[in-house]
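**Student:** Quick one, fold the following:
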Amino acid sequence: MVDFQPKDSYNIEDLQKIVELLRSQNGCPWDKEQTHKSIRNDFLEEVCEAIEAIDLNDPALLREELGDVLLQVVFHCQIEKESGSFIFDDVCDEICKKLIVRHPHVFSDTVVSSTDEVLKNWDSIKKETKGQLSYTDTLNSVAKSLPALMRAQKIGKRAMRAGLDFNSADDAIACISKETSEFCDAVNSGDKDKISDELGDILFSCTNAARHLGIDAEQALTDATNKFIKRFSITEKLVNLDSLDMKELNINQLDTYWEKAKKL
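**Tutor:** As a prediction, the model looks like this:
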């Protein structure tokens, strides 16, 4: 048992202490065994759950999920504290300094007249402070762990700042047709590596078209997936109403039910 006095209300210092106790000699066996890599996916899952709370517009759920995200931050900091690398206060110090440096229009005498100017200054300062010497450096700095569509759209936006971009949304959309044609040729060739390569080009082209149209490609695919689940559910219910099982029907029969579901 560890030395800990319960309280009516806790703060960030308490959270740090609790995590430290969990990883102490008399703490929790599971917590003591964890490493950055072992809880990597937990971090991702907690962030996704916080995002879902935002999408649901649920303040109570968001409060809970943000706490789970904060726990992940404190936990990773505790691991580094134990190795003597850095502590939670160092993380706070660094982000505060970063915010001050990247907001010279707030904390210094830089004058801006629009949000566009703010973003332009932000990118310039970020490039300088991170030692990015080329436009390629800015592309490589986009996290490879981002969802693929999100990363592709962000890289396309950064390439645009270097002048490498379509002239219009129409040109970006036309590129999808071009890549689709090349994909079909690859399918006909039977070369799986080439098929994969051309399919990737189609998806990347779609993110560029989405960017020019002011659409979030990641959100668009999320919405389409949710729509598919909803229609699938309706289709299954329609099949069940006829005392049938989906697996007993061929694709043409299922398509008939699917078309009915689309109209409901």
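
**Student:** tell me the domain boundaries of the chain?
**Tutor:** 12-86, 134-215, 224-263 (automatic domain parsing).

**Student:** and residue 113, backbone torsions?
**Tutor:** Reported as degrees, to the nearest 10, the phi and psi values for residue 113 are phi -120, psi 0.

**Student:** Can you give me every residue that contacts it?
**Tutor:** By C-beta atoms under 8 Å, 6 or more residues apart in numbering, the contact set of residue 113 is empty. Glycine gets a C-beta too; all of them are placed from N, C-alpha and C.

**Student:** Tell me where the chain has helices.
**Tutor:** In the chain, the helices defined using DSSP state H lie at 12-22, 29-33, 40-55, 59-83, 88-102, 104-107, 115-129, 135-140, 148-161, 169-189, 192-212, 217-241, 251-263.

**Student:** Format those as TSV; extra columns: mean neighbour count.
**Tutor:** TSV is the format used below for the helices of the chain (neighbours: other C-beta atoms under 10 Å):
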stretch	mean neighbour count
helix 12-22	15
helix 29-33	10
helix 40-55	14
helix 59-83	15
helix 88-102	13
helix 104-107	13
helix 115-129	13
helix 135-140	14
helix 148-161	18
helix 169-189	15
helix 192-212	18
helix 217-241	14
helix 251-263	13
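
**Student:** Put together a markdown table for those helices, with distance to residue 3 and mean pLDDT on each row.
**Tutor:** Converted to a markdown table, those look like this (distance: least, C-beta to C-beta, whole Å; pLDDT from 0 to 100):
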| stretch | distance to residue 3 | mean pLDDT |
| --- | --- | --- |
| helix 12-22 | 8 | 96 |
| helix 29-33 | 17 | 97 |
| helix 40-55 | 27 | 95 |
| helix 59-83 | 17 | 98 |
| helix 88-102 | 21 | 96 |
| helix 104-107 | 42 | 92 |
| helix 115-129 | 43 | 87 |
| helix 135-140 | 48 | 93 |
| helix 148-161 | 45 | 95 |
| helix 169-189 | 62 | 97 |
| helix 192-212 | 54 | 97 |
| helix 217-241 | 47 | 96 |
| helix 251-263 | 60 | 96 |
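
**Student:** would JSON lines of the ones you listed with distance to residue 1 be doable?
**Tutor:** Output for these, formatted as JSON lines (distance: least, C-beta to C-beta, whole Å):
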{"stretch": "helix 12-22", "distance to residue 1": "10"}
{"stretch": "helix 29-33", "distance to residue 1": "14"}
{"stretch": "helix 40-55", "distance to residue 1": "26"}
{"stretch": "helix 59-83", "distance to residue 1": "20"}
{"stretch": "helix 88-102", "distance to residue 1": "25"}
{"stretch": "helix 104-107", "distance to residue 1": "47"}
{"stretch": "helix 115-129", "distance to residue 1": "47"}
{"stretch": "helix 135-140", "distance to residue 1": "50"}
{"stretch": "helix 148-161", "distance to residue 1": "45"}
{"stretch": "helix 169-189", "distance to residue 1": "63"}
{"stretch": "helix 192-212", "distance to residue 1": "54"}
{"stretch": "helix 217-241", "distance to residue 1": "46"}
{"stretch": "helix 251-263", "distance to residue 1": "58"}
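
**Student:** Make TSV out of the domains of the chain and add distance to residue 99.
**Tutor:** Formatted as TSV, the domains of the chain follow (distance: least, C-beta to C-beta, whole Å):
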stretch	distance to residue 99
domain 12-86	16
domain 134-215	18
domain 224-263	35
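
**Student:** residues near residue 7, how many?
**Tutor:** For residue 7, the count of nearby residues is 8 (other C-beta atoms under 10 Å).

**Student:** what about it, distance to residue 96?
**Tutor:** Distance of residue 7 to residue 96, computed by C-beta to C-beta, to the nearest Å: 27 Å.

**Student:** before we move on, what about residue 54?
**Tutor:** Remark: distance between residue 54 and residue 96 (C-beta to C-beta) = 24 Å.

**Student:** on that earlier part again, of all the domains of the chain, which one is nearest residue 101?
**Tutor:** domain 134-215 (16.8 Å; C-beta to C-beta).

**Student:** What's the end-to-end length of the closest one?
**Tutor:** For domain 134-215, the separation between the terminal residues is 28 Å (C-alpha to C-alpha, to the nearest Å).
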